[in-house]
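[1] Need coordinates for the below:
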Amino acid sequence: MKIYHIVLPEIWDKLQNEEFYEAASLRAEGFIHCSFASQIAVVLDRYYKGVPEVLILEIETDKLTSKLVEEPSTGGEIYPHIYGPINREAVVAVEKKVIGDG
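    Okay, the predicted model is just below:
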């Protein structure tokens, strides 16, 4: 199964040589927020208005070394959350998405 994580390019660029990626939410909330493909547009609209561009990490869940939990989040909708760092082997694609004027 594929899930997706949205990250700012400057954050991802700093971690290019790291074996694991940890979003700020891992420390703050205990998990990394992800989305199913059908949820990406809503998440971008809700949280990334005014951001010039983002990267969308495509994650193959079978390759994850951290625990994946599908659970209620915003508005009770089910979202995938990763309880631990994302190992680089699980990131199978990175798409740049231009979304605003900044």
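[2] how about the longest helix that the chain contains: buried residues?
    Taking DSSP state H as the criterion, the chain has its longest helix at helix 40-47. Buried residues in helix 40-47, counting neighbours by 16 or more other CB atoms under 10 Å, are found at Ile40, Val43, Leu44. (Each C-beta comes from the backbone N, C-alpha and C, glycine too.)
[3] To what extent is the closest residue to the last one other than its chain neighbours buried, counted in neighbours?
    Yep, that's Leu44 we're talking about. Leaving out its chain neighbours, the residue that sits closest to Leu44 by CB to CB, 6 or more residues apart in numbering is Ile99, at 5.7 Å. Residue neighbour count, defined by other CB atoms under 10 Å, stands at 16 for Ile99.
[4] which residues touch Ile99?
    For Ile99, the contacting residues are Leu44, Tyr48, Val51, Pro52, Glu53, Val54, by CB atoms under 8 Å, 6 or more residues apart in numbering.
[5] what helix or strand is Leu55 on?
    strand 53-60 (DSSP states H and E).
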